[in-house]
Structure formats: structure tokens, C-alpha cells
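# model this:
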Amino acid sequence: MLFPFIRRSLWIIPCLAMSVPSLVKAGEAKQAYKEREKAMESLKDEMSAIKKALKADKPATALEPAKKIEKITQNLPALFPEGSKVGHSEAKPEIWTNWAAFEKVAKHAAVKAADLVKA
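Numbers count the residues shown, from 1 in each chain. From the prediction side, this is the model:
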């Protein structure tokens, strides 16, 4: 008879319902990781472009890379949401364990990036 089977199988519904938020969070963490990696790679590329511009004695060509750096650093903490240390990441665990210090450093980086654009 089918009814006892259905009744015994109802336990799976709450289990599935509880696992959906975990899957969503895992997906969000992976997306945050990808965005962070892309931003960090962009920072590296823009710093390299500035270095090349200065070596070539063409400081005016450093303005666009500096603007990109400024834009990325303005929202740096958003790239490190809680639970987003996934995959092969070079992000230090202290970012999440000492969030206040990280926010202070991120704010300082944003100020210095803005100064670079003004220079």
C-alpha cells in the first residue's frame, strides 16, 4: 500500500528544505570568490600598467589604471563576504577573523587609491 510509504518518506521534505539555503549560500560564496579573484587580478594588472607608465616616463598614461584601482578599492570589503573563503584562495583567514582590522586596511587602501588618481 502506497500510503505508509508516503508517510515514511515525508521526512525527506524538511531535509530538502533545510539544504536549499546551504546550496544558495555555497553558490553565493563561490560567486563572491570568483568576483574577488577577478578584482585582485585586475588590481595586479593595473598596478603593472602604472609601473610601465612610470618606467616609460609617461605618467599621464597611469591615470586610467589608477581610476580602475580606485573603483575596486572603494568597495573592497564587499568582495570578502562571510563564508566566501572557498577554492584555492590566497585570502588570509584573518580577513574574516579580524574583520574590523580588515575594514580599516581596506578604507586606507581606498584613500590611497583616491590620492593616486589626484596625483
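# Check what pLDDT the most centrally placed residue in the chain gets.
The centre of the chain sits closest to L79, judged by C-alpha atoms, centre = their mean, with a distance of 2.5 Å. With respect to pLDDT, L79 has a value of 92.
# And for K104, the neighbour number?
Neighbours of K104 under the rule other C-beta atoms under 10 Å: 11. For glycine as for every other residue, the C-beta is placed from the backbone atoms N, C-alpha and C.
# got it, and the one 4 residues further on?
When neighbours are counted by other C-beta under 10 Å, H108 registers 11.
# pLDDT on the strand or helix carrying it, on average?
According to DSSP states H and E, H108 maps onto helix 99-118. The pLDDT scores in helix 99-118 average 94.
# which helices and strands does it pack with?
helix 63-74, helix 94-97 (3 or more C-beta pairs under 8 Å, 6 or more residues apart in numbering; DSSP states H and E).
# cutoff 7 Å now
Counting contacts by 3 or more C-beta pairs under 7 Å, 6 or more residues apart in numbering; DSSP states H and E, helix 99-118 packs against helix 63-74.
# what ranges of the chain fall below the confidence cut-off?
1-26 (pLDDT under 70).
# now do 80
Flagging of the chain using pLDDT under 80 yields the residue ranges 1-27, 86-88.
# ok, back up a step: roughly how far is the helix holding H108 from the heart of the chain?
How far helix 99-118 lies from its chain's middle: 15 Å, per C-alpha atoms, centre = their mean, to the nearest Å.
# Kindly calculate the angle that that helix makes with helix 63-74.
160 degrees (axes from the mean of the first three to the mean of the last three C-alpha atoms, to 10 degrees).
# export helix 99-118 as PDB, just CAs?
Extracted in PDB, the C-alpha atoms of helix 99-118 (Å, rounded to 0.1, in the frame of the first residue of the first chain):
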ATOM      1  CA  TRP A  99      37.000  42.000  10.300                       C
ATOM      2  CA  ALA A 100      37.500  45.400  12.000                       C
ATOM      3  CA  ALA A 101      41.200  45.500  11.200                       C
ATOM      4  CA  PHE A 102      40.500  44.400   7.600                       C
ATOM      5  CA  GLU A 103      37.900  47.200   7.200                       C
ATOM      6  CA  LYS A 104      40.400  49.700   8.500                       C
ATOM      7  CA  VAL A 105      43.100  48.500   6.000                       C
ATOM      8  CA  ALA A 106      40.500  48.500   3.100                       C
ATOM      9  CA  LYS A 107      39.500  52.000   3.900                       C
ATOM     10  CA  HIS A 108      43.100  53.100   4.000                       C
ATOM     11  CA  ALA A 109      43.600  51.400   0.600                       C
ATOM     12  CA  ALA A 110      40.600  53.300  -0.800                       C
ATOM     13  CA  VAL A 111      42.000  56.600   0.400                       C
ATOM     14  CA  LYS A 112      45.400  55.900  -1.000                       C
ATOM     15  CA  ALA A 113      43.900  54.900  -4.400                       C
ATOM     16  CA  ALA A 114      42.000  58.200  -4.500                       C
ATOM     17  CA  ASP A 115      45.200  60.000  -3.700                       C
ATOM     18  CA  LEU A 116      46.900  58.200  -6.600                       C
ATOM     19  CA  VAL A 117      44.200  59.400  -9.000                       C
ATOM     20  CA  LYS A 118      44.700  63.000  -7.800                       C
END
